[in-house]
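>>> Give me a 3D structure for the following:
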Amino acid sequence: MALDMNIQELLVIGDSDLFINRLKGNWATKNDKILPYENLVQRLCGRFKSIDFRHTPRAQNEFADAVATIASMIQHPESTHIDSLEITPKEEQAHCADVEAEPDGKPWYAGIKAYLEKGEYPSESSAN
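From the prediction side, this is the model:
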């Protein structure tokens with residue numbers, strides 16, 4: 001996409017410490033599986049005025065992983081234009097927003113707790 005948009009200067013941020021440091025010339029590797037990727041990237045590098053590679057630890061890359069996962073599930077039309085996606089970070093973690101209050105006022109895990117403590121099934125349980 002950067003080539004299609006005639007981008008001249010590019011910053012590539014990746015979470016593979018091995019790959020980023022290999023491309024920067026800092027490290028050598030005996031892993032032959034990485035060579036085809038390295039060769040492709042080296043060929044592409046020549047098409048930019050400047051290109052820089054920066055490593056970010058996977059732990060700091062959760063947002064990029066989430067966006068990549070979403071992108072891999074979407075079929076894109078055969079065009080160079082992709083509509084932008086607006087993302088608003090939440091103040092609390094997603095699992096906190098998914099838990100709804102039970103109508104009886106007890107926490108969602110009350111039935112599990114009763115079973116573990118007393119061996120009692122919830123009244124609405126079936127044989128299954």
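>>> Name the spans of the protein whose pLDDT lies under the cut-off.
76-83, 85, 93-102 (pLDDT under 70).
>>> just the helices in it please.
For the chain, the helices defined by DSSP state H occupy 17-23, 35-45, 62-72, 94-98, 110-118.
>>> Distance check, the residue nearest in space to the middle of the chain against R58.
The residue lying closest to the centre of the chain (C-alpha atoms, centre = their mean) is D65, at 1.0 Å. Per C-beta to C-beta, to the nearest Å, D65 is found 8 Å from R58. To be clear about C-beta, it is placed using only N, CA and C from the backbone, and glycine gets the same treatment.
>>> so what sits against both of those two?
Counting by C-beta atoms under 8 Å, 6 or more residues apart in numbering, the common neighbours of D65 and R58 are D15.
>>> Verify the stated contact: E120 with K113.
No. Using C-beta atoms under 8 Å, E120 makes no contact with K113, being 9.9 Å away.
>>> neighbours of S50, just the number please.
By the criterion of other C-beta atoms under 10 Å, S50 has 9 neighbours.
>>> Check L23 too.
Using other C-beta under 10 Å, L23 has 22 neighbouring residues.
>>> just the one 4 residues further on next, same as before
With neighbours defined by other C-beta under 10 Å, the count for W27 comes to 12.
>>> can you pull the contacts of it?
Counting by C-beta under 8 Å, 6+ apart, W27 makes contact with 18, 21.
>>> any idea how far it lies from Y37?
14 Å.
>>> Domain-wise, how is the protein divided?
According to automatic domain parsing, the chain comprises the domains 9-72, 92-122.
>>> Can you tell me which of the ones you listed is nearest to L3?
For L3, the closest of those is domain 9-72, at 6.0 Å, according to C-beta to C-beta.
>>> Please report how far the residue lying closest to S50 once chain neighbours are set aside lies from I74.
Spatial nearest neighbour of S50, excluding adjacent residues (C-beta to C-beta, 6 or more residues apart in numbering): E9 at 4.8 Å. Separation of E9 from I74 (C-beta to C-beta) stands at 28 Å.
>>> C45 now?
Here C45 is placed at a distance of 28 Å from I74 (C-beta to C-beta).
>>> Contact partners for I51?
Shown in contact with I51 (C-beta under 8 Å, 6+ apart): 9-12, 45.
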